[in-house]
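Participant: When you get a sec, could you give me coordinates for this:
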Amino acid sequence: MTHVLRNRDFGLFLGGRFASVLAAQMQWVANGWYLYDLTGDPMTLGWAGLAAFVPIAVLTLPAGDLADRIDRRWILGVAHFIQAAAAALLLVLVALHTTVTWPFYGALVLSGSTRALAGPASKSLAPLLVPREQFAQSVAWATSAQQTAIIAGPALGGLIYLLGAPITFAACFVMALLAAIAMLAIRTRVVASKEGGTTALQRALAGLQYLRTQPIVLGAISLDLFAVLLGGVNALLPVFSRDILHVGPAGLGVLRSMFAVGAITTSLVLAQLPEERQPHAGRALFGGVAIFGVGAIVFALGGNFWIALIALATMGAADAMSVFVRATVVQLATPEDMRGRVSAIHVLFVGCTNELGEFRAGLFASLFGPVTAALAGGIGTLLIVGLWTRLFPSLRKVDRLSEVAPRS
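Facilitator: Next comes the predicted model:
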């Protein structure tokens, strides 16, 4: 069988995803540092997360319906053109030395719209680019590409930022355009839905109703929702890097990248493992989320740059393990004509909680301090793991991923 990386369409998909994530990560570092340096208020970072959260919350479910009814390549192309527009707006704002924050939040609304549109189409297109027996490996390679971009993006963004914020946002603009071109060049065309005579709301609700009948899918998605909502520390990195660790924008880029260092290391190992050496998937999922929570606690209490790096790398490795299992379970346990809508729910849960988690972290940091905010998140994540182990025993008992299939 041909190696998964030799598949033309999957290669384009991987390249487009890499360029998109690279641009998003560079933008995150530049925007986060600019806003916090401008205001000195951690709540500014919370509002930034909320600005990106709103379009994800509003648009993701309709985007899932579109992904089941419109060619997913075109949806991805449009989404990344919107991403380029957001980067262009930020470029103009910093070039004009804008000192008010609300226009930046407007650009982040555009960025959130990109994630809302691209998420369901990307997740539901990926399983169709490779044979079913190679899908778990393709998830690992896609995660590796994403985490490579997450490593390179913040570090590169932090270094370029030393030359000026406009240069960073110009680079983000170019990367987003490349992502759009790559997605439009994919030849695989899929419009999966066979439903007729129903409204968009009914079709979206059908995805939610299906999810209720699939406990392993519901458990996997909801576990990730609460882990990211409570345990994420990304919004706190500008505060830690400037006020606690004193490492500047370049150090902020390194901190942001270390999460991905752990993730890509784990993903590359998983990508090389044959299916017969991937047992106990459910336990691996719960274990990964638990280690993620422990990493957040160590990050909060470490008070040292090197300890912070190790903690973030550990969190990244644990997250990659849980992503590998969760993404495979969600796609293989969902029939093709429902994948767009179920993927939309997945993206909604994960995407919303990323931004809403940043808002939570910023709010807690402004009220109780950044250390308490990170510590509370780690403890909360461990409590969720314990509760979900009891609520979703069928998810914990999943053994080989290849055995996962939709339940009738």
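Participant: Figure out the helix or strand that A317 lives in.
Facilitator: For A317, the host element (DSSP states H and E) is helix 305-332.
Participant: Now tell me what touches stretch 240-252 from outside.
Facilitator: 29, 32-33, 36-37, 154, 158-159, 161-162, 237-238, 254-255, 303-305, 308, 370-371 (Cβ atoms under 8 Å, 6 or more residues apart in numbering). Yep, even glycine has a C-beta here, placed from its N, CA and C like the rest.
Participant: Can you get me the centre-to-centre distance for the strand or helix carrying L395 and its chain?
Facilitator: Assessed by DSSP H and E, L395 sits inside helix 393-396. Centroid displacement of helix 393-396 relative to its chain, using Cα atoms, centre = their mean, to the nearest Å, is 24 Å.
Participant: picking that back up, what is the helix holding A317 packed up against?
Facilitator: helix 102-125, helix 135-161, helix 215-231, helix 248-272, helix 281-302, helix 339-368 (3 or more Cβ pairs under 8 Å, 6 or more residues apart in numbering; DSSP states H and E).
Participant: how far off helix 135-161 does it point, in degrees?
Facilitator: Helix 305-332 runs at 140 degrees relative to helix 135-161, counting by axes from the mean of the first three to the mean of the last three Cα atoms, to 10 degrees.
Participant: tell me the mean pLDDT for helix 305-332?
Facilitator: The average of the pLDDT scores along helix 305-332 is 83.
Participant: re earlier: take the helices and strands packed on helix 305-332 and write them to a markdown table, including mean neighbour count, distance to A320 and mean pLDDT.
Facilitator: Below are the helices and strands packed on helix 305-332 laid out as a markdown table (neighbours: other Cβ atoms under 10 Å; distance: least, Cβ to Cβ, whole Å; pLDDT from 0 to 100):
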| stretch | mean neighbour count | distance to A320 | mean pLDDT |
| --- | --- | --- | --- |
| helix 102-125 | 24 | 16 | 81 |
| helix 135-161 | 24 | 6 | 75 |
| helix 215-231 | 23 | 13 | 79 |
| helix 248-272 | 22 | 4 | 78 |
| helix 281-302 | 22 | 8 | 88 |
| helix 339-368 | 24 | 14 | 72 |
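Participant: now V398: how far from H280?
Facilitator: Applying Cβ to Cβ, to the nearest Å, the value for V398 to H280 is 8 Å.
Participant: More neighbours: which of those two?
Facilitator: V398 (24 against 14; other Cβ atoms under 10 Å).
Participant: and that one, what element?
Facilitator: Here V398 is assigned to no helix or strand, by DSSP H and E.
Participant: contacting residues for the residue nearest to it when sequence neighbours are not counted?
Facilitator: In space, and not counting its chain neighbours, V398 is closest to G282: 3.7 Å by Cβ to Cβ, 6 or more residues apart in numbering. When contacts are counted by Cβ under 8 Å, 6+ apart, G282 touches I216, V325, L395, R396, K397, V398, D399.
Participant: between these, which is nearest A23?
Facilitator: V325 (27.6 Å; Cβ to Cβ).
Participant: And the residue nearest to that closest one when sequence neighbours are not counted, how close does it get to A318?
Facilitator: Nearest non-adjacent residue to V325, counting by Cβ to Cβ, 6+ apart: L285, 4.2 Å away. According to Cβ to Cβ, L285 stands 10 Å off from A318.
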